Each structure stands twice: as structure tokens, then as C-alpha cells.
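Chemist: here is my input, please return the structure:
(chains A and B)
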Protein chains: 2
Amino acid sequence: MFQDFTATTSPDQGPPRLRALRRELAAEGLDGYLVPRADAHQGEYVAAHDDRLAWLTGFTGSAGFCAVLQEIAGVFTDGRYRVQVKAQVATDFTPVPWPETKLGPWLAEHLPHGGKVGFDPWLHTAKEIETVEAAVDGKGIHVAPSPNLIDRIWEDQPPPPAGRVMVQPDDLAGESSADKRARIARAVHEAGQTAAVLTLPDSLCWLLNIRGADVPKNPVVHAFAILHADARVDLFIAPAKVEGIAFDEGVTIHPPEAFAPALAALKGPVRVDKATAPLAVSHLLKDAGIDVAWGDDPCILPKARKNDVELAATAEAHLRDGAAMVEFLAWLDREAPKGKLTEIDVVKALEGFRRATNALHDISFDTICGAGPNGAIVHYRVTEGTNRKVNPGELLLIDSGGQYVDGTTDITRTVAVGAATEESRACFTRVLQGMIAISRVRWPRGLSGRDLDSLARAPLWIAGMDYDHGTGHGVGVFLSVHEGPQRIARISEVPLEPGMMLSNEPGYYREGAFGIRIENLVVVREAPKMGDERDQLCFETVTWVPIDRRLIDAGLLAPGERSWINRYHADVREKVAPRVSAEAKTWLEAATRPI
Amino acid sequence: MFQDFTATTSPDQGPPRLRALRRELAAEGLDGYLVPRADAHQGEYVAAHDDRLAWLTGFTGSAGFCAVLQEIAGVFTDGRYRVQVKAQVATDFTPVPWPETKLGPWLAEHLPHGGKVGFDPWLHTAKEIETVEAAVDGKGIHVAPSPNLIDRIWEDQPPPPAGRVMVQPDDLAGESSADKRARIARAVHEAGQTAAVLTLPDSLCWLLNIRGADVPKNPVVHAFAILHADARVDLFIAPAKVEGIAFDEGVTIHPPEAFAPALAALKGPVRVDKATAPLAVSHLLKDAGIDVAWGDDPCILPKARKNDVELAATAEAHLRDGAAMVEFLAWLDREAPKGKLTEIDVVKALEGFRRATNALHDISFDTICGAGPNGAIVHYRVTEGTNRKVNPGELLLIDSGGQYVDGTTDITRTVAVGAATEESRACFTRVLQGMIAISRVRWPRGLSGRDLDSLARAPLWIAGMDYDHGTGHGVGVFLSVHEGPQRIARISEVPLEPGMMLSNEPGYYREGAFGIRIENLVVVREAPKMGDERDQLCFETVTWVPIDRRLIDAGLLAPGERSWINRYHADVREKVAPRVSAEAKTWLEAATRPI
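Modeler: Below you'll find the model as predicted:
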């Protein structure tokens, strides 16, 4: 089982650790210390070795940080985790609503003039620290790099992750690592830089056509690299991870401790990504007198534009995953109405159906499975403590995905257990209309996700409804299920380009009652020419799983919407039926009948 | 007749005038001279006195400029005027596609190092000149203020406009001028400025609750003003214009020639709008050692947020105009199928129906009346030369409006003359769907027109279609029919606020075949609470005129779209029927039957 349902921390663990940390603070002459959730690679998941925030405070959310002063220790968490943080941390810690309360002003409020706050420069980006410094500017507070004080007091700290690297073959990657390196190096050279420092695991994995096992759920490798403008790459990685892996001659392996001296030996200007690279990287360069050229990690945008081989691979992964989902939904429709299932039963069954493909590398993230009112908690993760019966008459929201060597999936379906109310059908239909609007839209090249976001919301807006999350996020191919830079969201100004993969997931959440979300993955494509021959882009759907017909009020649909859902279901049937059991096939036929 | 159909210029007039201007250039030691379309107030319409571009070149479009050098004279016009400019100017002038070719680079290409280009600093904004200077920076070309050389050679130049000012009574304005002045002065004071210079006629008219007659179509006053932070206003205006007008004591009248000395006598910082004020204003201030504080004209945003009295007034104007439009459309349906009408006949009849209200102050702009292929020319203005028969079997696009003392209207209807093709009905229905999407939408407060623009286009986009103009522009109340800052357009980042008035006018144009546009005016309102009680805004439609049912393919509509059109038509019938003739009423009843 990839997912577990136990609480891994308890509030009791925090206070003695906090006392020990405060003793270290005093010894170091510091008035405060920052403990972030992030590791040096700024990913969404961290290894046990790097789970310092949870170890210190008990808080296990995927974002947040703790600012420890002698008199107060603030645990900063966003809206998703307001309730959770209170249950997980002892009263010695003070939950702080973030980003409403920002770190800089909070420090200025709680520290005297002359206060000094330490932080580990490997765990914070230059941009983060710049923001804090700007906020305390003129307040006499200093923010200063320091050794990692948690690692000093954490006696049984697990060792750094040592997942074995695996090669992503060219027939899945679609472009050799040598070609990618030449292409990206050319861009670095053309920008007038001698090298770019790479610290993001996704970027490294993409550039070198490798995958790893350093954190759960995301098959990434923890390492650092320097990409030189002549296309050579120096890779700094624990030797055990790459034992037996034959890199080609452009890639030289070094132990991690060689990274800092290698930085100091470069000639500038060297590109560093202010938003993602540890501050330590630019410090090491500057200390050696080397010019730092701030600029985006050069792999991010090329990685986001998937090539045809990657798109064909992920399409296959989606068909495989779709077949598993169909087996699961058929089972759910048989079992759930009996009123015996719990959310955990459902999560376990779903993982079982994915495992039965014999191709599941991992799940893409902990399955969100919310029955009735739990469906309204957008980032709900079921534990033994919250586990709820799936009752007939309720909606069940299941957001899940699989990691396969050929692709990463992410799908949400909301299903009616027993009879659904008119009200929940009306809401479901509006969410579906938004999801169809994104599925069908074509648009002039140059628009960003911001320009399309309203299309997904308008059917809800006109009924006074909305959802407080983005409409879509970027998705990798056997990489992170959340990747940038493209999004479908109010704040996304990145133009959509062919090959970008995104989720399309409008929702609606009624607190205390139910949650609805419908999610397919889509790929940006050049639209087939029609009409007056304008140059347009469109989305191609890659997720093939029935959408619960019982929740659709066909009387609310436009003719084009109805055609879309019937066409989609016909395609699902045609593509997935050959891949499922006889029992699931019977269910699939009923589930994909025209409306 | 407000509209005329004759060509007012001819290509022959240009060459001798160009030779005279070049002699002046040489005498002034200049290598070039800029002749803009704009006057000192940057409006869309200019008085005969200010129509220098047309006088020099023959080009009568509403935007563009001429850059006269000794060897070449470029007439810069945008896409709307590419064809027109070629017909209107002699070959001594070179049409230049603008903004694709920008003035700065063009000057750099055609002038030698050391070249000097003159311009009248009263006719160009600081922002405009800054842009040109930035483009020629480092190229050794100088752009320098100079006397107006056109005025020097234009022997029979008409005198400056001397339209009489009229007072806009408080019961139409809804807020006294004294209250407006106090409110805007407070904002200027709070921004740390001692005064703001006002140069936009709309701003002055709004602030002082006056209207004028200095240019055709827009009832504005040409004048300058200084609004002091203590709410006093110095108004610089030709005395004859304000004879007999009693301003209250906070407003002091001065002759126009007192403006420059008054600027020089101010204490800074003084707010000047870089994008709208003549460069001469900031030059006069800076020459007197006064700090210029660049900032938006402080009246623009308050003017855009209409108060309830203005909205009630304009609603009444729209009902009156709606009744005239219904009389017109009933007449058109009787006459057009006979195949005898021309576009000019239609324009004349429409103005006649508006005049018959006995309340028409002017038309809002020259009526755009395009039959068949002429409908595809977005800014088509019919002349005796282009006048076309309105043939049965064609579409007829009519975009028009009236200026009434209580409101400004702007409405487009596209009607079928005789039987319409399936293809034109399908296109019309898509345009209508976009127009309905904007009419019905509700959205979270804070969004700008950019965030809604896609809703109007998506029904066209999915058929490979689009339109190359914005979806909506701001509209005044007995003021300019185009006013900022709000728009519904890709480039509009101004948040929509209650009281803002906009057009809602998607379209579709098939070159050589037909044009379709449907336009209503809408007002931003706080949306009635519904759903989960979110704070939302919505549009309230204020235009009440039937939309041609014969062009609607009901089979393409969503249930909500069909309800909207039927509800709209029922409202039109109820509101307008009591105001029209018996004959028009019969027509109206048929034209508003449910579909």
C-alpha cells in the first residue's frame, strides 16, 4: 500500500524539541530561527530526513514554516491547514494565518531592535529571504545564514534519501539527454551566461532523462547540477544513487560535497533562479567574485512543452489508468449502496485496482476521498481519525492518480451513492458545464490560463457559486503531478503553448454538505483549421473515464454541451472497453449511454 | 440632418499644402514636422479649426498622423483606414501601417544623424513624445517643440470653436459641481498635490456640470482648468462661450491666454496626466520650477462610476431611443424587402425617427450602415461614393446612437433583409450567444474586462471564428460615446466597478460577404445575493430593442440562453410598446414573440 492512514506525529513531541532548539539559539547568539517545510529542492514532498517542520512541531501539512523565537514559536500555515495545525501542534506553538500575516512584519512585531534571526541558506530561496529582508528593513532586525540547528539536535534523524536512479529511456523521453543539453546550453549561451545552476529535481530528471526515488509520490532525484554553456553537465549526487548507471560522456558525476567548490571555480555570469535555487548557491558564487545572472531555471519551459513521444506515452498511461478507474467505479457502484464502505475502504480498493495493472510505480499523491461533508474539504486526506462511512444518499468525491513509467495521471470523479438530490444534480451539472467549456474551447495563440479561467466558472457564477482554487495546474510525464509554469488560474500570465499538459478541474463545495469536482487532464494542441482559418490552439483530453450520468441534469445543458458529453462517453467506451473485465465492461456500457 | 454623406476633402488639395509646409520647415531650420489628428484635448472628434491632418493630407479618419520630412511624408494610419487612406491622399504622401511601424524607428530610418523634428507641444501628450524620444535615443535625432506651422500656412483656417456652454442641471447630474469639486480636490490633496491640471473636455464637463458644442457629436466644451486642492477651480475659456452662465463662487473664469501664466504661478507638486495632457502643460510648469506629479486625471474614474440619478436619466434616454429604434426597424421591415432602399436612405430614415422624439441633441457618431459586404467593414461610414443598395437576401448592420440631454445611446442591430441563409443564421446565433454570455454573467468583485472578454468570444472561437475589436467600451451620460477607463477587452486591467457603463458588442465579419454585430449597453451593478452568498457584480442591460428573431437558430441555444432572449424580448415589449405608434406596436409584438 503506497498510502497510509495513520497519524505520524503527535503534539507531545514538540515541546521538548522546542526547548532544545531554543538552547541552541542562545548558544549561537540568535534571537530567532526559521524552520521551513522545504528541503534544498523546494518540492511538494520531502524525504524523512528533511521533514524538520513535522519533527519539531508535529504539523504535517505540505506547506508552511515555523519561526522560533525565545518567547513565541509561530507556525505559519495557509487556509487549507487552519484546522489541522491546531490539532497537530502543542500549545507551546502559536498558529499564524499565512499569507495574511507575513513573516517579516511578524518578526518586526515580536523581536526587539537589534534582533538576529538565523536560517539555513540551503533551505530558503534568494527571493524568500529578500522578501523577509525588505519587510524588516529599517526595523533593526537582521536575518542571517546559520548552520542547520534542527539537524544538530535531531538525534535519530533519518539519513538523506538514497533512492536509486533509473534511466528514462529515449523511447519514453522522446529526446536524448544529449540533445536536450545541447538545446538548453545554447539558450544559456545566447543569454550571455557561461553556465546555469540547476537545483530543481524535475529539471534535472528531465534534462538527464533519469528518474529517482528520493521522496514519496514523485519519482525525482535529489541532486544539484551545473549546466555549462558548452552543454557539459556536472552532476553532484551521492555515488550510491547512480551506481551502475552509464551517463554519456557529457555528464560528469561528482559527490555532493564537490558542489560548493565547483560553484566557486566557475567564471560568470552564471544563471541562478532566484525563485527556486537555495540562497546558498548565489552566496557561494558571489563570495568567489562570480557574477550572478538571475533568470528562470532554463529547463522549466522546455520541460512543460511535452514532445510527441511523451504525449503518446502519457496517453497510454492514461488509458491504462482509465481502465483501472473503470474497474474501481464499477466495484464502487456495486458495493457503496450497501452502506458498509468507509472512505479508507474506498482508497484501498482504488489503489488495488491501480496495482492490478502491474505497472503502478507509485500513486501520484495521497488519494483525496471525501464522503458527504468531507468532500467539501478541498485538500482532505483521510486518516483513521477522520474516516467516515460512505452513506447512500451522499456524494463521494475521489481525487487520485497514478505514477507509471510512461506517465503521471490525476483524475477526480464525484459519484452519487444511491439516489442524488435535485440540488446536488444541479450543482454537479454546473461544474460539468465549466469543465466542458474548458474541454471544448479553442482560442487565439498567445492567451494565458488567466484568459480562459472565467469560462470554467461562468456556469457557476451565474448561480452565485464559485470555487476557491485554480481551474488547472501543469502536470508532468512520470514526474511531479504539479508542475509549472502554466496554469489555468486568475493569476497565470504564462502563454499556453502546444504540448503543455494541464488539469481541468472546476468544483463546487458546500460546507458541511458535499463537495463536487470533475477533473480530466488535457494537452494544449494546435487546433485543426476551421471557420475563417484563424490560428488557434485547443485542448485535447487525455483522461478517459465516465462522468456520473446520474448526476447530470440534461435539461440544463446546451446542445453543444450535450454533444460533448455523449461524444466523450462514446470515446471512453471505445477506448477503455477492450481493457477491462467483462463485469466492468457491462457497467461501462451503461455508464456511457447517451443522455 | 446631423450626418452628411459627402466627401469633404480631395487628394488634390495635399501637394501644394505639403510644398508650403516644407518651405516653412526649411525656414525654421527643421528637418521634419509632426501633424497629428488630435487637438489639445485629445478627443475623438476635432473642430474644423483643428482638422489639420485632413487639411494637409486629405485623410479624414479619426486617428492617425503625418510625419513630414523633406523627402517623404508618411501618413500613419491603423488597420481600419488602410484602404481609405490610399483613396484620400495624393501620391506625394506615403501611407505607413501603424502601429506596426512606429514613428520613432521610422524617423530614425529616414533622417540623417543630427536631424531635427518639430512638433506643436499643445497637440501631443508627454507620453507620446517620451515614446518617440526613447525610440530615437542614441540615433542623433532631436524632437523639439516648435510653433504650429500648419496654422501659419492655413490661410482660410476656420476660427477655434465657440460653442455655447449649457448647464447640466443637478437633477440630471445627480451631484452638484460643488460636491464633485470638493470630492476630487480632497483626493488631490490626499495625494500630496496642491492642484491638478484638467485638459480633457469630458472631465471638465463632468466636474463643472456643463456641456458644450465645440465639436460634432460629443457635447463637450474645449477649455482648460486648474483644480486646486482647496476645491477652487480656475477655468480658462473663451468668454463668449460662457456668456450668461452663472458658475458658483468656487469657479473663476479666465480667458484662454491666462492659462500659461496661471500654470507658472502655481506651487507644486501639481498633478498632470502624462497620457492625456499636452506636453506644453508640463513644460510650462517645469520652466517655472514647479514640481510635476504625474498621475491620472482625477476625474476619469469618478466620472466612470455613474451615480443613481445619472443611471436613471440614461435609462429614460435609452427607452426613448429604443422607441425610435423600434419605429425604425418596423419601417425597415416594411420597406427594405422592396429592394429600393440604399444605405443612405436607411441612415436618413433612422436619424428622422430619432429626431421625431423631439429630444435629439445630436447623433452619438456617424451611423455605420453596411449592407451585405459593406457590413464586414468594421468602421464603415457610407458616402455618396460608397452608397450601396440594400438587397433582399442580405444582412444589414446598423450601428448608431443618439445624444439626448439625459443620456448617450449606442446600439447595433443586424437584420435580415428578406430570407437569410442558414450560414448567416448560424453565425448570428454564435454572436448572440457571446452577447448573452456578457449580459448574464455575474462575477466576483475585482475582475477587469479582460477577465470577461473570453466569455463573449468562446461561442465563436469553438467554430474557428473571432472578431478583431474589443467586446465593449465605456460610455458617457450625455458625453462621449467612447470613454475610459473601463473596457471589456484583452488589454483592459481596470477593475469593473458598480455604476460603470459599457457596450456589449461581439461581432463577426466575413470579408466580401456580410458583417454581424449585436450591441446593447450595460451597467455594472452589485448582483442580488443568491447561491452561497458570494459578493458578486453583474451587468444590467439598459438597451431595449428587439434582436432579429429570424436570424436566431434556436436549436443552437442553451436553455439558459433561450430563457434570456425570451425574457429580454418580453421586457422590450413591456417597456417600449407604450411609447410607439400602433403600426410599430404590431411589428413589436411579432418581433418579440418567444422562440
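
Chemist: and chain A, which residues reach chain B?
Modeler: Within chain A, the positions near chain B by Cβ under 8 Å from any Cβ of the partner chain are A:437, A:440-444, A:447, A:450-455, A:457-458, A:460-466, A:490, A:510, A:527, A:529-534, A:536, A:555-561. No exception for glycine: its C-beta is placed from N, CA and C like everyone else's.

Chemist: which of these count as buried?
Modeler: Among those, the ones that count as buried by 16 or more other Cβ atoms under 10 Å in any protein chain shown are A:437, A:440-443, A:447, A:450-455, A:457-458, A:460-466, A:490, A:510, A:527, A:531, A:534, A:536, A:556-558, A:560-561.

Chemist: mind checking which of the residues you listed land in helices?
Modeler: Here DSSP state H is the test, and these give A:437, A:440, A:450-455, A:457-458, A:460-461, A:560-561 as lying in helices.

Chemist: in JSON lines: these, plus distance to B:Asp548 and pLDDT.
Modeler: Converted to JSON lines, these look like this (distance: Cβ to Cβ, whole Å; pLDDT from 0 to 100):
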{"residue": "A:Ala437", "distance to B:Asp548": "27", "pLDDT": "98"}
{"residue": "A:Arg440", "distance to B:Asp548": "27", "pLDDT": "97"}
{"residue": "A:Arg450", "distance to B:Asp548": "35", "pLDDT": "96"}
{"residue": "A:Asp451", "distance to B:Asp548": "30", "pLDDT": "97"}
{"residue": "A:Leu452", "distance to B:Asp548": "31", "pLDDT": "98"}
{"residue": "A:Asp453", "distance to B:Asp548": "33", "pLDDT": "98"}
{"residue": "A:Ser454", "distance to B:Asp548": "28", "pLDDT": "98"}
{"residue": "A:Leu455", "distance to B:Asp548": "27", "pLDDT": "98"}
{"residue": "A:Arg457", "distance to B:Asp548": "31", "pLDDT": "98"}
{"residue": "A:Ala458", "distance to B:Asp548": "25", "pLDDT": "98"}
{"residue": "A:Leu460", "distance to B:Asp548": "31", "pLDDT": "97"}
{"residue": "A:Trp461", "distance to B:Asp548": "28", "pLDDT": "97"}
{"residue": "A:Gly560", "distance to B:Asp548": "22", "pLDDT": "96"}
{"residue": "A:Glu561", "distance to B:Asp548": "25", "pLDDT": "97"}
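
Chemist: let me have the residues you listed in JSON lines, extended by distance to B:Pro95.
Modeler: Compiled in JSON lines, those are given as follows (distance: Cβ to Cβ, whole Å):
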{"residue": "A:Ala437", "distance to B:Pro95": "42"}
{"residue": "A:Arg440", "distance to B:Pro95": "41"}
{"residue": "A:Arg450", "distance to B:Pro95": "36"}
{"residue": "A:Asp451", "distance to B:Pro95": "33"}
{"residue": "A:Leu452", "distance to B:Pro95": "37"}
{"residue": "A:Asp453", "distance to B:Pro95": "40"}
{"residue": "A:Ser454", "distance to B:Pro95": "39"}
{"residue": "A:Leu455", "distance to B:Pro95": "39"}
{"residue": "A:Arg457", "distance to B:Pro95": "44"}
{"residue": "A:Ala458", "distance to B:Pro95": "42"}
{"residue": "A:Leu460", "distance to B:Pro95": "49"}
{"residue": "A:Trp461", "distance to B:Pro95": "45"}
{"residue": "A:Gly560", "distance to B:Pro95": "43"}
{"residue": "A:Glu561", "distance to B:Pro95": "47"}
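
Chemist: residue contacts, the residue of the stretch 251-400 of chain A found nearest chain B?
Modeler: Nearest residue of the stretch 251-400 of chain A to chain B, counting by Cβ to the nearest Cβ: A:Ala376, 11.0 Å away. Going by Cβ atoms under 8 Å, 6 or more residues apart in numbering or on different chains, A:Ala376 touches A:Gly370, A:Tyr509, A:Arg510, A:Glu511, A:Gly512, A:Ala513, A:Phe514, A:Gly515.

Chemist: strands - which of those land there?
Modeler: Counting by DSSP state E, those place A:Gly370, A:Tyr509, A:Arg510, A:Phe514, A:Gly515 in strands.

Chemist: now those in JSON lines, with pLDDT?
Modeler: Listed next are the ones in strands among the contacts of A:Ala376 as JSON lines, based on pLDDT from 0 to 100:
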{"residue": "A:Gly370", "pLDDT": "96"}
{"residue": "A:Tyr509", "pLDDT": "95"}
{"residue": "A:Arg510", "pLDDT": "94"}
{"residue": "A:Phe514", "pLDDT": "96"}
{"residue": "A:Gly515", "pLDDT": "96"}
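
Chemist: may I ask which two of these are separated the most?
Modeler: Within the ones in strands among the contacts of A:Ala376, two members stand farthest from each other by Cβ to Cβ: A:Gly370 and A:Arg510, at 12.1 Å.

Chemist: quick one: the helices in the stretch 301-450 of chain A?
Modeler: According to DSSP state H, counting those that start in this stretch, the stretch 301-450 of chain A carries its helices in the segments A:308-335, A:343-355, A:422-440, A:449-461.

Chemist: CA atoms of the last one as CSV?
Modeler: By that I understand helix A:449-461. Taking Å, rounded to 0.1, in the frame of the first residue of the first chain, the C-alpha atoms of helix A:449-461 are listed here in CSV:
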residue,chain,number,x,y,z
GLY,A,449,-4.6,30.5,-18.4
ARG,A,450,-6.0,33.7,-16.9
ASP,A,451,-7.8,34.4,-20.1
LEU,A,452,-9.6,31.0,-20.0
ASP,A,453,-10.3,30.7,-16.3
SER,A,454,-13.6,32.6,-16.4
LEU,A,455,-15.0,30.1,-18.9
ALA,A,456,-14.8,27.3,-16.3
ARG,A,457,-16.5,29.5,-13.7
ALA,A,458,-19.2,31.3,-15.5
PRO,A,459,-21.8,28.5,-15.3
LEU,A,460,-21.3,28.6,-11.5
TRP,A,461,-21.1,32.3,-11.2
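
Chemist: what angle do it and helix B:449-461 make?
Modeler: Going by axes from the mean of the first three to the mean of the last three Cα atoms, to 10 degrees, helix A:449-461 is angled at 80 degrees with respect to helix B:449-461.

Chemist: can you name every helix or strand that helix A:449-461 contacts?
Modeler: If contacts are counted by 3 or more Cβ pairs under 8 Å, 6 or more residues apart in numbering or on different chains; DSSP states H and E, helix A:449-461 sits against helix A:422-440, strand A:483-488, strand B:442-444, helix B:449-461.

Chemist: the second one now?
Modeler: Under the contact definition 3+ Cβ pairs under 8 Å, 6+ apart, helix A:343-355 sits against helix A:308-335, strand A:368-371, strand A:395-400.

Chemist: now do the first one
Modeler: With contacts defined as 3+ Cβ pairs under 8 Å, 6+ apart, the secondary structure elements packing on helix A:308-335 are helix A:170-173, helix A:343-355, strand A:402-404, strand A:407-408, strand A:411-416, helix A:559-576, helix A:582-591.

Chemist: in the stretch 1-150 of chain A, what residue is nearest chain B?
Modeler: For the stretch 1-150 of chain A, Cβ to the nearest Cβ, closest residue to chain B: A:Gly79, 16.0 Å.
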